[in-house]
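**Q** Sequence first, predicted model second:
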Amino acid sequence: MFFSERRNTTRWIIISISFLIISLILWNTYTFFQVFKNEERIKMNLVANAQKTLVSADENTDLNLTVEILNNNHSIPVMLTMYGDKIIGSVNVPEKIMADEKKSLQYLNNLKHENDPINIEYAPGKFQTLYYGNSELLNKLKYYPIALLLIFFLFGALIYNFYRSTKMATQNKLWAGMAKETAHQIGTPLSSLIGWVEILRTEEIDPSITVEIEKDVDRLQTIADRFSKIGSIPVLEAHNIVSETLNTYEYLQSRFSKQVTFSYNVPEEPIFAMINPTLHSWTIENLIKNAIDAMRGKGSLELQIEQDAHHVKINIKDSGTGIPKKQFKSIFEPGFTTKKRGWGLGLSLTKRIVEEYHNGKIKILHSEVGKGTTFQIQYNKKEQ
């Protein structure tokens, strides 16, 4: 607990320091931007004074300094007007714009919004107006804080994603460890049950009873095997997907209420795919139990297996309540459930088994609220 709190404190200190550094950089950039903008304003005032001197000069006026000031502007776009918006000169404005009256007036309008104009009274009652924009350097500096903020948010998102991934990985390891421990704990009483089944066989008991008990013991062994495989890379082998699916389907059929009508339509010939039988059985069981829950224990359930040149497809169709289209993707997310009781892990686990362990696909093929749902699993066929 102490180390956890210390780690959290360190994490927040690092985040706070990072935020402080970014804030100082942004403030410094803003201050520099304002200083640079003021410097450009001063420069434009000098240009305006130089223009005033040039217009009002006589033959005896020394214009060397005036011309040098006017020619020294190589970065700031300037437009000079009089009598309203009549443009009488420009500096650092593209020739294409000045050649087109409409574009030049539009450019002038843009300059009006960038900086306050400077009025030049070259004679009593006679004015010229100087409009100027920001230099290229100042424009780049203006967008620098935005780029910096974007980098900051991306960096924050990266940190968040890293901690979230780390936390999820830790939780996955915890759940995998608990699953393996559960499988280990089940193993002890299971061994004892196997021994009792052997004893029952020697007694004068209806053989059908011991057969059914043995099926349930085998089922417990399968469940323990499933849990032991969580967190491990399963071994995939070529198996007949038809028989493996029917084995689970028929086992569950015998153990559910007669109010559920089971039916299936599958090919007679074997179809081979690279699967892990234990995990595949778990997948089918999850989908069937989910379907029966959706029907509230009463309705019809149909299994269909079909194939094309490269894939085998397993459809499980129920006559339950159906799923709204907006939930088609979220229903596979961990924790999502529409039941009053439940962890919302069945379908997310099924998706992981199919897609991560078997390189297959699972989706809702069709669903209509009040009429039922069809789930489809797709595996790659193993060519024989």
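**A** Right, received. Where do you want to start? Treat the numbers as computed from the prediction; the structure is a model and nothing was measured.
**Q** In the chain, what residue spans correspond to helices?
**A** 2-56, 64-71, 95-99, 101-114, 136-202, 207-229, 241-253, 277-294, 346-352 (DSSP state H).
**Q** Tell me the spacing between the spatially most central residue of the chain and Leu154.
**A** Nearest residue to the geometric centre of the chain (C-alpha atoms, centre = their mean): Asn161, 10.4 Å. Between Asn161 and Leu154 the computed distance is 10 Å (C-beta to C-beta, to the nearest Å). For every residue, glycine as well, the C-beta is placed using N, CA and C.
**Q** One more: Pro94?
**A** From Pro94 to Leu154 the distance is 35 Å (C-beta to C-beta).
**Q** Help me confirm that Gly372 comes into contact with Lys317.
**A** Yes - counting by C-beta atoms under 8 Å, Lys317 is a contact partner of Gly372 at 6.5 Å.
**Q** Just give me the neighbour total for the nearest residue to Lys96 once chain neighbours are set aside.
**A** In this structure, Lys96 finds its nearest non-sequential neighbour in Lys103, 7.4 Å apart by C-beta to C-beta, 6 or more residues apart in numbering. Residues near Lys103, counting by other C-beta atoms under 10 Å, number 13.
**Q** Make residue 1 into 49 and carry on from there
**A** Right, with 49 as the first residue, what we last looked at is Lys151.
**Q** Next one, pLDDT for Lys151 please.
**A** As predicted, Lys151 sits at a pLDDT of 90.
**Q** How much space separates it from Glu143?
**A** Using C-beta to C-beta, Lys151 is found at 11 Å from Glu143.
**Q** Counting neighbours, what do you get for the closest residue to Pro282 other than its chain neighbours?
**A** Of all residues not flanking Pro282 in the chain, Asn324 sits nearest, at 4.1 Å (C-beta to C-beta, 6+ apart). Number of residues near Asn324 (other C-beta under 10 Å) recorded here: 22.
**Q** least trustworthy helix or strand in this structure by mean pLDDT?
**A** One helix or strand of the chain scores below all others by mean pLDDT, DSSP states H and E: helix 112-119, with a mean of 69.
**Q** distance of Thr77 from Phe201?
**A** Separation of Thr77 from Phe201 (C-beta to C-beta): 16 Å.
**Q** Between these two, which has more neighbouring residues?
**A** Thr77 (15 against 11).
**Q** Assess the claim that that one and Tyr192 are in contact.
**A** Yes - using C-beta under 8 Å, Thr77 is in contact with Tyr192, at 5.7 Å.
**Q** Domain boundaries for the protein, per the record?
**A** For the chain, the structural domains run 50-182, 282-428, going by automatic domain parsing.
**Q** need the contact list for Leu349.
**A** Val308, Thr309, Phe310, Ser311, Ile336, Ala339, Ile340, Met343, Ile364, Lys365, Asp366, Ser367 (C-beta atoms under 8 Å, 6 or more residues apart in numbering).
**Q** For these, which single residue is the most surrounded?
**A** Among those, Asp366 has the most neighbours (other C-beta under 10 Å), with 25 neighbours.
**Q** nearest residue to that one other than its sequence neighbours?
**A** With C-beta to C-beta, 6+ apart, the residue lying closest to Asp366 is Ala339, at 3.6 Å.
**Q** List the contacts of that neighbour.
**A** Here Ala339 is in contact with Leu349, Ile364, Lys365, Asp366, Gly368, Thr421, Phe423 (C-beta under 8 Å, 6+ apart).
**Q** Which pLDDT value belongs to it?
**A** For Ala339, pLDDT reads 91.
**Q** Ok, the one 3 residues further on next?
**A** Per-residue confidence (pLDDT) for Ala342: 88.
**Q** Need the nearest residue in space to it, chain neighbours excluded.
**A** Sequence neighbours aside, Gly368 is the residue nearest to Ala342 in space, at 2.9 Å (criterion: C-beta to C-beta, 6+ apart).
**Q** One more: Ala171?
**A** Ser104 (6.4 Å).
**Q** So the one you found sits against Glu169, correct?
**A** No - applying C-beta under 8 Å as the test, Ser104 and Glu169 come out as separate, 9.4 Å apart.
**Q** if we can go back for a sec, gap between the residue nearest to Lys144 and Asn93?
**A** The value you get for Lys151 to Asn93, if C-beta to C-beta is used, is 28 Å.
**Q** Check Asn407 too.
**A** Per C-beta to C-beta, Asn407 is found 72 Å from Asn93.
**Q** Tell me which of the contacts of Ala339 has the lowest pLDDT.
**A** Checking pLDDT across the contacts of Ala339, the minimum falls on Gly368 at 91.
**Q** That residue and Gly420: what is the separation?
**A** 5 Å.
**Q** ok, now Ala357?
**A** Counting by C-beta to C-beta, the separation of Ala357 from Gly420 is 29 Å.
**Q** ditto for Val103
**A** Val103 is 88 Å from Gly420, where distance means C-beta to C-beta.
**Q** Show me which of these two is the more surrounded one.
**A** The neighbour count for Val103 versus Gly420, taken as other C-beta under 10 Å, is higher for Gly420 (22 against 14).
**Q** Quick check, Val103 in contact with Gln176.
**A** Yes - between Val103 and Gln176 there is a contact at 7.1 Å, judged by C-beta under 8 Å.
**Q** overlap in contacts of the two?
**A** Ile168, Tyr170.
**Q** Which among the helices of the chain is found nearest to Pro315?
**A** Nearest of the helices of the chain to Pro315, taken as C-beta to C-beta: helix 289-301 at 6.2 Å.
**Q** name the helices or strands packed onto the closest one?
**A** Contact partners of helix 289-301 among helices and strands, from 3 or more C-beta pairs under 8 Å, 6 or more residues apart in numbering; DSSP states H and E: strand 308-313, strand 320-323, helix 325-342, strand 347-355, strand 359-366.
**Q** Just send the ones you listed back as JSON lines, with distance to Ile124 too.
**A** Converted to JSON lines, the helices and strands packed on helix 289-301 look like this (distance: least, C-beta to C-beta, whole Å):
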{"stretch": "strand 308-313", "distance to Ile124": "80"}
{"stretch": "strand 320-323", "distance to Ile124": "70"}
{"stretch": "helix 325-342", "distance to Ile124": "70"}
{"stretch": "strand 347-355", "distance to Ile124": "73"}
{"stretch": "strand 359-366", "distance to Ile124": "67"}
